[in-house]
Each structure stands twice: as C-alpha cells, then as structure tokens.
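K.L.:
sequence first, then the predicted structure, then my questions.
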Amino acid sequence: MNSRFKRIYKYFQPNKKKIIFALVASAFVSATDGATAYIVKHVLDDIFIAKKEDMLRLIPIVIVVMYSFRCAARFIQVHQMQYAAQMAVKKLREELYAKMIYLPMRYYDSNETGTMMARIISDANNMQNAIPAAVKIFRDSLSVFFLIGVVLYQDFKLGSTIFIALPFMLILIKKSGKMIKRYSRKEQEQVGIVSSALQESFTGVKVVKAFASEDREIDKFVRLNNQEVHYKLKKLAVSALSSPMMETIAGFAVAGIIFYGGFEVINGNTTPGTFFSFVTAFGLMFEPFKKIISDNTTVQTALASADRIFELLDEQNEMLDNDGTLICQAEGKEIRFEDVFFKYQTGEDIVLNGVSLDVKPGMTVALVGASGAGKSTIAALIPRFYDVTGGRITIGGTDIREFSVNSLRRNIGIVSQEPFLFNDTVKNNIAYGVEDADMDRIISAADSAYATGFINDLTDGFDTVIGERGDRLSGGQKQRLTIARALLMNPPILILDEATSALDTESERIVQQALTNLMKGRTSFVIAHRLSTIVNADMIVVLEKGRVAATGKHSELIKNSDIYSNLCRLQFGSGGD
C-alpha cells in the first residue's frame, strides 16, 4: 500500500504546499475536538457545581473563538485538498490518455474501448480521492489521539478503559477495508464492460434497428448492469454493516464506562465533571471512527482503481521501447519485404509465412487473394502498426525498425475501406495531421479529390461540422475527404485498403478518379476487392494462406496463375480479360 500511495502522491506533489496547509488545518480541527471534551469538565465542575461567574463569562467566549477558527480551518482543509485533487486528476488523465494513444495496435486488439474509457474517467475520478480521504483519516485519527490524551490527562485510570474498545474498532476497520477493496476492483472492471457494451450498441445503432434488436440489446445491458450493481451492493453492504457494528462496540464500551465511572464518582475518586468530560470525549471519539471507516472505503476504492491505472501505465509499449532513431525519407526509395513472417499473438497461427517482395519507387502494387490471405496484414506492417515476427521490411535498404515510428508514418498515407472522420469541420478533417496547412493548400487538396463541389454545397462550406464519424456525409463524400487528407499530407508511400469496395457505381467512379490523382508519383500498395480497379497495376501480388503464390502484371497472371485467373473469372465471367 505504501508504494501505491507514494505513486499516487506523485500526482499531488506539484500542489504539496496546499496539502501541507490542509494537514495543518486538519490538525487544528482535530485539536478542537479534544478541547471541546476538556471544556465539558470545567462547564460542569466550575460553572454548574462551583458556580464560578468568571468561568461562566470566559468559557462561552473561548468556545465562540475556537469554533470560528475551526470553521476557517475546515474551509482551508477542504478547499486546498479539493484543488490539489482536481489538479491531480487532470494530470493523471492527461498521462493516461498519452499512454493509451501511443500504445501499439496489439493492445487495442485485446482491450475493449469502454474499458479503456472507464480507466480515464471512472478510475481516475476514484483515484483522485485517495489523498483527500487519507488527509481526512489523518484528521480523524488526530481527533482520536487528542481525545484520548484529554481523558488520560484528566483521569489516567478511568481513561485507560478506552483501550478495551480500541482493538475491536481497529480490527473492524482493517477487515472491512480489505473486503471493500476487493469488491471495488470487481465493480470497476464491470463498469468498463458496461461502457464497452454502450459504446458498441450506440456505434452500431443502425444495425440494431435494422434487425429490430432493441429488446435484445436492452436485455444485454440489463444483465451487465445487474452485475455491476451486484458488486456495488456487496461493497455497500460491507460499508453499511461497519457503522452499526462500530455503534454496537461503542455501546458496549459506554455501558462499561458508565458502570465503572459511576462507581468512581460515588466513591469520590473522580469528579462528575471529569466523568462527563470522559463520556463526551468518548462520544466525540466515536464519530471520527465512523468517519475513518467511511474514508477508508474511499481509500480502498481509490487503491483498487489505482491498481488498474498503474497496470495500464506500466503496460509495455514494445513499439516505442524499440523505437528507431533515424529519420525516414522514403521518396525515391525502394521497399523490400525480406522473408517476412508474422502472427498477431503468441501461440496463434502464422498469418504471413515467408513473404518476399521488391517494390521499386513509384510502382503501384496490388495485393489480391481470398479473405484471410494476408493482404491487410502486409499493409499494416509497412507503417509499423505491428512489427514483423521474422524477417524484415526495408526502405532504401534500411530496416523500418531503425526509423522513428513518427517519421516513418509521416511518409505514409492511408485511405481505408471505412473512412474515419472526426466530429469537426471539413477544413480541420482535411488538414488533420498537417499542422501548417493554409487554406489554399486545403482547397487544392479538395479539388484534386473531387470534393470541392459537394463541400461548397454544405451549409458552412469548409467550416461545416460533419458530425460523429462524418455521419452527415455520404460514403463517397467521406472517402473523398480522406483522399483530400492524404493529398494534403503528400506522402511518398500510399496504402489503399479496399478504398472503393463499399461505394455505389457512381461514387466509385468519382473516388477512383480522385485516387488516380492521389497515386501519381507515389509508391502505392492497393488492397483490391474489385479487380477491375487494379488491372493496370505495375505488379499484382497474389496471396494464398500468407504466402506469395504469384506476382506479375494482369496479362501475365491470367495465363500463369490459377488462383488469379479463378478470381477474375468469378468477377468478370469467363476469360477474365
């Protein structure tokens, strides 16, 4: 726990002065609890029994002054700690997001979006409460310390009876804390699962409605939500049981104290004021113990979230850990695949099995084959979304792992089958990734992508916000914007991942014209769904089960490759040419 707290404190450290102010203020608040119990003795003995008028005038003034300062101290404690907590969660979320966005694709393949979102939102919120709750525990523990000091000072023998109840209270706090942490972790894991289900259903709402599956999705959500509530109720049950158990322990202790203390007063061994000061101190002590249990619940929840957060922050990023140092300049350089092997996860089947290719600068290379043949995998290896399992890929004779990932990807433009656009303006979507783009260059890129016409017809032209994933645009319009984005980036290497397969005939014709403009002078890798789009490619690579079955031009492969000729026959009918 200590190591975790040290790590959590790192996020609060920039505001350590505020935490110190909060601790000092907490100590003052705690001291007033002890002072209150001590004053009860003088109220009873000096005012009600001895009838001292000077004490009658003094004590109310002391109480008013003390509680005025207590009010200010409580404000300082709460305000300073909450400020430090908000700054801590801000820093934590930024660090978490930066970690996540740089993690390799392997991590995203095996983790759900909702779970990752839950760590940034829910877990970070929980973790920010760790230090403030610990400060409250510190304050309440000091209150107990001061109150014990008061009763021992006034009557050591009577005050010693408090230690009979203390061990039971401490055991209760420890046991309940362990259970709460366990249920909190399970609850947070379930929050991530629920978030993933929500994200999936909202993203795929068209499919849900198309298949009239609203009720099915509701049943699924109810089932997952019930599981989250189950763990939450378990945690609440432990927390709810702790307080009455604490009250029961306190009740037994008070009964014993009244019995023993009453005899002491009757026998003249202590004064009524001392006895009632002791009972007041014990009563005031009981409240901090209840708060310690409540704050310990917060701390244990925070620690459970901290475990999940630190697991993510400690996640190995093999891509950046093995990042190269060279700057990639791919223009005019050949690209070679040298006996490349690849599989996505350890223990899984090999996806690419000894692929070798030699791609000259400016060539258009088409990758064809059945589903699962390895086309998209080859495209994903070039920008190092994944690293090869064996062999190597070179640009200009240099292994791409020797280049920095950032500089390598700046040389590669990607247009995929499912164009992704951000909920931003047309202008900003085209200029995404190009920081110094002026409006003239943006318009020029849009012109070359045959997008200017429909953009000008939009409500605010280039300043039109196009909605989440660009849903306010048609498929062809979205694709032309992604082509414009690639044109503006002006990369020497281009990857087209079935860029026209999801479009109607008219949209495909326009997009194909835009792609022709985009491919001029670039080394292009085209994953082809419609073979009619790649018959003029400089080299067609036929893949089968992760191996290169044949390479050549369309006219050559029609004659020499049974796999390719069969693919053509399926699409074009007999002959294929």
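P.N.:
Done, it's in. From a predicted model like this one, the values you see are computed outputs, not experimental measurements. Numbering: from 1, shown residues only.
K.L.:
the residue nearest to the spatial centre of the chain and Ser305, how far apart?
P.N.:
Closest to where the C-alpha atoms of the chain average out (Cα atoms, centre = their mean) is Ile120, at 3.0 Å. With distances taken as Cβ to Cβ, to the nearest Å, Ile120 is found 11 Å from Ser305. To be clear about C-beta, it is placed using only N, CA and C from the backbone, and glycine gets the same treatment.
K.L.:
that older thread, isn't the residue nearest to the centre of the chain right up against Leu96?
P.N.:
Yes: at 5.1 Å, Ile120 counts as touching Leu96 under the criterion of Cβ atoms under 8 Å.
K.L.:
which secondary element of this structure has the worst mean pLDDT?
P.N.:
When the helices and strands of the chain are scored by mean pLDDT, DSSP states H and E, helix 156-159 comes last with a mean of 68.
K.L.:
quick one: buried residues of stretch 349-369?
P.N.:
Buried residues in stretch 349-369, counted by 16 or more other Cβ atoms under 10 Å: 350-353, 355, 357, 359, 361-369.
K.L.:
what about it, how long is it end to end?
P.N.:
With Cα to Cα, to the nearest Å applied, stretch 349-369 spans 18 Å between its terminal residues.
K.L.:
what does the average pLDDT come to for that stretch?
P.N.:
Averaged across stretch 349-369, pLDDT comes to 91.
K.L.:
just how off-centre is that stretch within its chain?
P.N.:
36 Å (Cα atoms, centre = their mean, to the nearest Å).
K.L.:
and stretch 10-27, by the same measure?
P.N.:
Relative to its parent chain, stretch 10-27 has a centroid offset of 26 Å by Cα atoms, centre = their mean.
K.L.:
likewise for stretch 137-147?
P.N.:
Per Cα atoms, centre = their mean, the centroid offset for stretch 137-147 relative to its chain is 36 Å.
K.L.:
likewise for stretch 387-398?
P.N.:
Taking Cα atoms, centre = their mean, the mean C-alpha location of stretch 387-398 is offset from the chain mean by 32 Å.
K.L.:
stretch 330-340 too?
P.N.:
36 Å.
K.L.:
who touches it?
P.N.:
The contact list for stretch 330-340, computed with Cβ atoms under 8 Å, 6 or more residues apart in numbering, reads 352, 354-361, 378, 381-382, 388, 390-397, 411-412, 491-493, 523.
K.L.:
now with 6 Å?
P.N.:
If you take Cβ atoms under 6 Å, 6 or more residues apart in numbering as the criterion, stretch 330-340 is touched by 352, 354-361, 388, 391-396, 411, 492-493.
K.L.:
hmm, back to that, quick one: which two of the buried residues of stretch 349-369 are the most distant?
P.N.:
With Cβ to Cβ as the measure, no two of the buried residues of stretch 349-369 lie farther apart than Ile350 and Gly362, at 31.3 Å.
K.L.:
which regions of the stretch 401-550 of the chain sit below the pLDDT cut-off?
P.N.:
Counting by pLDDT under 70, the stretch 401-550 of the chain contains low-confidence residues at 499-506.
K.L.:
can you report how many residues lie near Glu200?
P.N.:
16 (other Cβ atoms under 10 Å).
K.L.:
ok, now Ser371?
P.N.:
Per other Cβ under 10 Å, the neighbour tally for Ser371 reads 7.
K.L.:
try the one 4 residues further on
P.N.:
Counted by other Cβ under 10 Å, the residues lying close to Lys375 total 23.
K.L.:
ok, the one 5 residues further on next?
P.N.:
Ala380 has 18 neighbours, counted by other Cβ under 10 Å.
K.L.:
how about Gly268?
P.N.:
Residues lying near Gly268 (other Cβ under 10 Å) number 7.
K.L.:
in contact with the closest residue in space to Val368 that isn't next to it in sequence, which residues?
P.N.:
Leaving out its chain neighbours, the residue that sits closest to Val368 by Cβ to Cβ, 6 or more residues apart in numbering is Ala528, at 5.3 Å. Contact analysis of Ala528 by Cβ under 6 Å, 6+ apart lists Ala366, Val368, Ile534.
K.L.:
rewinding a little: looking at the buried residues of stretch 349-369, which is nearest Pro244?
P.N.:
Val351 (59.4 Å).
K.L.:
which other helices and strands contact the longest helix along the chain?
P.N.:
Scanning the chain for the helix with the most residues, using DSSP state H, yields helix 214-266. Where contact means 3 or more Cβ pairs under 6 Å, 6 or more residues apart in numbering; DSSP states H and E, helix 214-266 is packed against helix 162-203, helix 272-313.
K.L.:
highest average neighbour count across those helices?
P.N.:
Ranked by mean neighbour count under mean count of other Cβ atoms under 10 Å, these are led by helix 272-313, which reaches a mean of 21.
K.L.:
and the angle from it to helix 214-266?
P.N.:
Helix 272-313 and helix 214-266 are oriented at 150 degrees to each other (axes from the mean of the first three to the mean of the last three Cα atoms, to 10 degrees).
K.L.:
who does helix 272-313 touch, helix- and strand-wise?
P.N.:
Contact here means 3+ Cβ pairs under 6 Å, 6+ apart; on that basis helix 272-313 packs against helix 2-12, helix 16-42, helix 124-127, helix 130-154, helix 162-203, helix 214-266.
K.L.:
residues of the helix or strand just after that helix that come out buried?
P.N.:
Note on helix 272-313: by DSSP states H and E, the next helix or strand toward the C-terminus is helix 318-321. By 16+ other Cβ under 10 Å, the buried positions in helix 318-321 come out as Met319.
K.L.:
low-confidence bits of the stretch 151-300 of the chain, can you list those?
P.N.:
For the stretch 151-300 of the chain, the ranges with pLDDT under 70 are 158-159, 161-162, 206, 210-211, 243, 247, 250, 254.
K.L.:
hang on, the earlier thing: next step: the contacts of stretch 330-340 restricted to strands.
P.N.:
Among the contacts of stretch 330-340, DSSP state E puts 352, 354-359, 391-395, 493 in strands.
K.L.:
farthest-separated two in these?
P.N.:
Gly354 and Ile493 (22.9 Å).
K.L.:
now do the contacts for Leu473.
P.N.:
Taking Cβ under 6 Å, 6+ apart as the criterion, Leu473 is in contact with Ile466.
K.L.:
quick one: it is in a helix?
P.N.:
No: the assignment for Leu473 (DSSP: H, G, I helix; E, B strand; the rest coil) gives coil, which keeps it out of a helix.
K.L.:
point me to the helix or strand that includes Glu508.
P.N.:
helix 505-519.
K.L.:
which is the succeeding secondary structure element to that helix?
P.N.:
Next helix or strand after helix 505-519 toward the C-terminus (DSSP H and E): strand 523-527.
K.L.:
picking that back up, which one of the helices and strands packed on helix 214-266 lies closest to Pro60?
P.N.:
helix 272-313 (16.8 Å).
K.L.:
let me know the angle separating the closest one from helix 162-203.
P.N.:
On the basis of the same axes, to 10 degrees, helix 272-313 is oriented at 30 degrees to helix 162-203.
K.L.:
re the thing from before, ok, so of the buried residues of stretch 349-369, who is nearest Gly461?
P.N.:
Set against Gly461, the nearest of those by Cβ to Cβ is Thr364 (33.4 Å).
K.L.:
can you report phi and psi for that closest one?
P.N.:
With angles defined as degrees, to the nearest 10, Thr364 sits at phi -100, psi 120.
K.L.:
how about Leu496, secondary structure?
P.N.:
From three-state DSSP, the assignment for Leu496 is strand.
K.L.:
what about the residue lying closest to it once chain neighbours are set aside, neighbour count?
P.N.:
Distance criterion Cβ to Cβ, 6+ apart; nearest residue to Leu496, sequence neighbours excluded, is Val526 at 4.6 Å. Neighbour count for Val526, taken as other Cβ under 10 Å: 25.
K.L.:
shouldn't Val526 be in contact with Ala366?
P.N.:
Yes: Val526 is in contact with Ala366 according to Cβ atoms under 6 Å; the separation is 4.7 Å.
K.L.:
please enumerate the shared neighbours of these two.
P.N.:
By Cβ under 6 Å, 6+ apart, the residues touching both Val526 and Ala366 are Ile534.
K.L.:
can you show me the helices along the stretch 351-500 of the chain?
P.N.:
Under the criterion DSSP state H, counting those that start in this stretch, the stretch 351-500 of the chain contains helices at 375-381, 405-409, 426-430, 439-448, 452-457, 475-489.
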